[in-house]
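Enquirer: structure of the sequence below:
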Amino acid sequence: MEDINKTDAHYFILLAFQDLNQFQLLFFLILFLIYIICITGNVAIIVLVKTDISLHTPMYFFISVFATSEIFFVSTTVPSLLVNLISDSKSIPFTGCFVQLCVLGTLGGTECYLLAVMAFDRDLAINYPLRYSAIMRRSLCIQLGMFPWITCLAIALVPTIFTAGLEFCGPRILNHFICDLGPLVNLACFVPFTNKAIAIFTAISEIVLPFIITLLFYIHIIAAIIQIRSENGKKKAFSTCSSHLIVSCLFYSSAIIVYVTPEGSNSDKYLALIYTVVTPLLNPFIYTFRNKDVKIAFTKLNKTILQHIFV
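Expert: Predicted coordinates for the structure are as follows:
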């Protein structure tokens, strides 16, 4: 008879936030509200960029692409977590677990590279304003917007396939709310060197590399802003990239802490909430309250909607 501790695993158990005990219902209500606000806010950004001519620029195009990825990202994690919080069953099928792993890997990497693309766009606008329009043609914007999705899907497939091929021992229990690479690998009976190398490659290619690219662009941007003589000029230049800088700091910091460490820990699931839930929630507010053009477009859209309702 086969060893009962070794299995081909038809399902996994996601403990999620069972440690919250009696506060799980409250957490469910808060999370549900956050999800609704997050979806509404990011959809609003996409609608504004699509409908307002003044926002038909490369910068806002990339913001709308980023908002789209945020909607997919938060919809991959939050609905399943909400079900987990109120359901007696905490299981997720083997196939569903690895589909989620691949989708999250794709979307997480996509957002990292989109942040790098947006930094490149701001660098061009600030350092090469006269050549900016000629360089950032619509065709290039579309290519830069599509590149992260295709590239990161190809990258995410590799660890997904290799991890799915591992043999899992003992209880198939993940102390997490998502099927993440670290917790899954920790359940394996034996982890070949190939899998460890792939995990390192994935972390470097999807997080560290775009982070370094973004950092280099911002060093170049800050150097250019310092050279501007007038205070108004400095403020105007910095205001065009301050929102993006805040979002980048939030996303990269939490992602690096979770994924660029050799072993996962119990605190990882709380840190994962930052880039899977908190960042998608804050993005619409950051881009709205800190951006004059978006606030004007939002006011115009509200007036148009009210006119259609009451006229």
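Enquirer: who's in contact with stretch 237-255?
Expert: Residues from elsewhere that reach stretch 237-255 (Cβ atoms under 8 Å, 6 or more residues apart in numbering): 59, 108, 111-112, 115, 118-119, 122, 125-126, 207, 211, 214, 218, 221, 224-225, 228, 271-272, 274-275, 278-279, 282-283, 286-287, 290-292. Yep, even glycine has a C-beta here, placed from its N, CA and C like the rest.
Enquirer: meant to ask about stretch 132-149
Expert: Residues contacting stretch 132-149 (Cβ under 8 Å, 6+ apart): 58, 61-62, 65, 69, 106, 109-114, 117, 120-121, 124-125, 128.
Enquirer: list buried residues within the residues you listed.
Expert: Buried by 16 or more other Cβ atoms under 10 Å: 58, 61-62, 65, 69, 106, 109-114, 117, 120-121, 124-125, out of these.
Enquirer: among the residues you listed, which ones are in helices?
Expert: 58, 61-62, 65, 69, 106, 109-114, 117, 120-121, 124-125 (DSSP state H).
Enquirer: residue boundaries of the helices in the protein?
Expert: Using DSSP H, helices in the chain cover 24-51, 58-86, 94-127, 129-135, 138-164, 181-186, 193-203, 209-227, 231-239, 242-259, 268-273, 279-289, 292-310.
Enquirer: quick one: those helices as JSON lines, columns for mean pLDDT too.
Expert: Shown next, in JSON lines, are those (pLDDT from 0 to 100):
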{"stretch": "helix 24-51", "mean pLDDT": "90"}
{"stretch": "helix 58-86", "mean pLDDT": "91"}
{"stretch": "helix 94-127", "mean pLDDT": "93"}
{"stretch": "helix 129-135", "mean pLDDT": "90"}
{"stretch": "helix 138-164", "mean pLDDT": "94"}
{"stretch": "helix 181-186", "mean pLDDT": "86"}
{"stretch": "helix 193-203", "mean pLDDT": "91"}
{"stretch": "helix 209-227", "mean pLDDT": "92"}
{"stretch": "helix 231-239", "mean pLDDT": "77"}
{"stretch": "helix 242-259", "mean pLDDT": "83"}
{"stretch": "helix 268-273", "mean pLDDT": "80"}
{"stretch": "helix 279-289", "mean pLDDT": "80"}
{"stretch": "helix 292-310", "mean pLDDT": "71"}
